[in-house]
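Engineer: predicted model and sequence below, questions to follow.
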There are 2 protein chains.
Amino acid sequence: MPPTLPTAENPSPENASSLPETDPRLILATARLKTAGLRVTQPRMTILEALCRQTSPVSIEYLHAGLPAGACDLVTVYRCMAAFERGGLVRRAVIHQGTSLYQVAFGQPETYHVVCRSSGTLAELSPEVSGELQKAVAKAREELRVKGYREVAHMLEFSGVAPPAAPR
Amino acid sequence: MPPTLPTAENPSPENASSLPETDPRLILATARLKTAGLRVTQPRMTILEALCRQTSPVSIEYLHAGLPAGACDLVTVYRCMAAFERGGLVRRAVIHQGTSLYQVAFGQPETYHVVCRSSGTLAELSPEVSGELQKAVAKAREELRVKGYREVAHMLEFSGVAPPAAPR
DNA sequence: GTGGATGCAAAGAATTTGCAACCAA
DNA sequence: TTGGTTGCAAATTCTTTGCATCCAC
């Protein structure tokens, strides 16, 4: 059976080593929060820390399930992600079976994904293709900027039926 | 007040003249249905006919509200749109406040949209930029095809805060 | 001090599912 | 004939909201 998207029920094992507060991405995250006019709170930093550990887009439920016990309420994660998205800290990467999956939007190249409608597998597009897409998206953003749009975000997702896993 | 997205409550007036069965797009739609292994039924043709009349992406609720009275159940529209999307007849264009908006995916150039998070206004990107995006998307599709993906679909949406409407 | 942020509980809304009847191929 | 489709009703599930309390700035 092909690997499926991690769910809130079976979160992938968290990296035990907690990121030090001096992690460059968290420092950047703090700056981004302030720039966006958002307050730097414990729940928010915990959420951003967990988000930075992810290697692929995750759902809010999954993210919450992976936080230290009692870190914060699920509703808070919803509210934070909405604020983060408006502030450009995170990006809604794909919508998988009606659920939004998010990824950090800073400190790393933008990568686009494809969701298998059959197995739920999530795969990345090649850096080359992601780069091409990013370029075209940049042009769109520029057009929108000129037209006066602010806080522009975008969501690009591919879906399809993945080939059966190669037999071994 | 800027124009907002049409809703199920205030559907825009339908064009009274019903499309003749010989409408090229409906003929194409019929062919697409068969190609996708889907049956050609009355509800489906009615839905596709209504969808072809739209000039911008619409929600399922809105689409259903615009159908002739008693044409078919709302659930049927949901199921048909899901089937159409898998079959490549329609494209989920944007997700507006948690609601998916669809548009036909054949017989017309692909256009991408931007949703205003403040007013709900939906606007098109220029044909030039949409074309650029389409090219990059085509490359992605090609990569996925080579990798063995079938029935590839994609969703690309921009959102932002639109500038205040110009005073007149 | 003050307005944004959070927790808890409850509501809201889009979408899905079960099942029997129906009909396109 | 037969498996895909549809209608109706009910359930599911993701997401949002209200409000009192709390805390970052």
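Structural biologist: Here it is on my side, so go on.
Engineer: can you pull out the strands in chain A?
Structural biologist: Counting by DSSP state E, chain A has strands at residues A:58-59, A:90-96, A:99-104, A:113-116, A:122-124, A:150-161.
Engineer: so which of these is the most surrounded?
Structural biologist: strand A:58-59 (a mean of 25; mean count of other CB atoms under 10 Å in any protein chain shown). The way it works is simple: take the backbone N, C-alpha and C, and place the C-beta from them, glycine included.
Engineer: anything in that strand near DNA strand D?
Structural biologist: Yes: applying CB under 7 Å from any atom of the strand, one finds strand A:58-59 in contact with DNA strand D at A:Ser59.
Engineer: what pairs with that strand, parallel or antiparallel?
Structural biologist: strand A:99-104 (antiparallel) (DSSP bridges).
Engineer: got the contact list for the one residue sitting closest to the centre of chain A?
Structural biologist: Taking CA atoms, centre = their mean, the centroid of chain A lies closest to A:Gln103, which sits 1.0 Å from it. Going by CB atoms under 8 Å, 6 or more residues apart in numbering or on different chains, A:Gln103 touches A:51, A:54, A:56-58, A:90-91, A:93.
Engineer: apply 6 Å and report the result again.
Structural biologist: A:57, A:91, A:93 (CB atoms under 6 Å, 6 or more residues apart in numbering or on different chains).
Engineer: what does A:Leu74 give?
Structural biologist: Contacts of A:Leu74 (CB under 6 Å, 6+ apart): A:His64.
Engineer: one more: A:Thr99?
Structural biologist: When contacts are counted by CB under 6 Å, 6+ apart, A:Thr99 touches A:Ser59.
Engineer: let me know the pLDDT of it.
Structural biologist: Looking at A:Thr99, its pLDDT stands at 89.
Engineer: run through the bridge partners of it.
Structural biologist: A:Thr99 has the following beta-bridge partners by DSSP bridges: A:His96.
Engineer: near DNA strand C, which residues of chain A show up?
Structural biologist: Residues of chain A lying close to DNA strand C (CB under 7 Å from any atom of the strand) are A:38-39, A:41-44, A:72-73, A:75-76, A:79-80, A:83, A:97-98.
Engineer: now intersect those with the helices, please.
Structural biologist: Counting by DSSP state H, the residues of chain A next to DNA strand C place A:42-44, A:75-76, A:79-80, A:83 in helices.
Engineer: can you turn the buried part of those residues into a ChimeraX selection?
Structural biologist: Selection command for ChimeraX covering only the buried members of these, criterion 16 or more other CB atoms under 10 Å in any protein chain shown:
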select /A:44,76,80,83
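Engineer: who's in contact with A:Leu89?
Structural biologist: Applying CB under 6 Å, 6+ apart, we find A:Leu89 in contact with A:Arg32.
Engineer: chain neighbours aside, what residue packs nearest to the closest residue to DNA strand C within chain A?
Structural biologist: Distance from DNA strand C to each residue of chain A (CB to the nearest atom of the strand) is smallest for A:Thr76, at 3.0 Å. Excluding its sequence neighbours, the residue lying closest to A:Thr76 (CB to CB, 6 or more residues apart in numbering or on different chains) is A:Pro43, at 5.4 Å.
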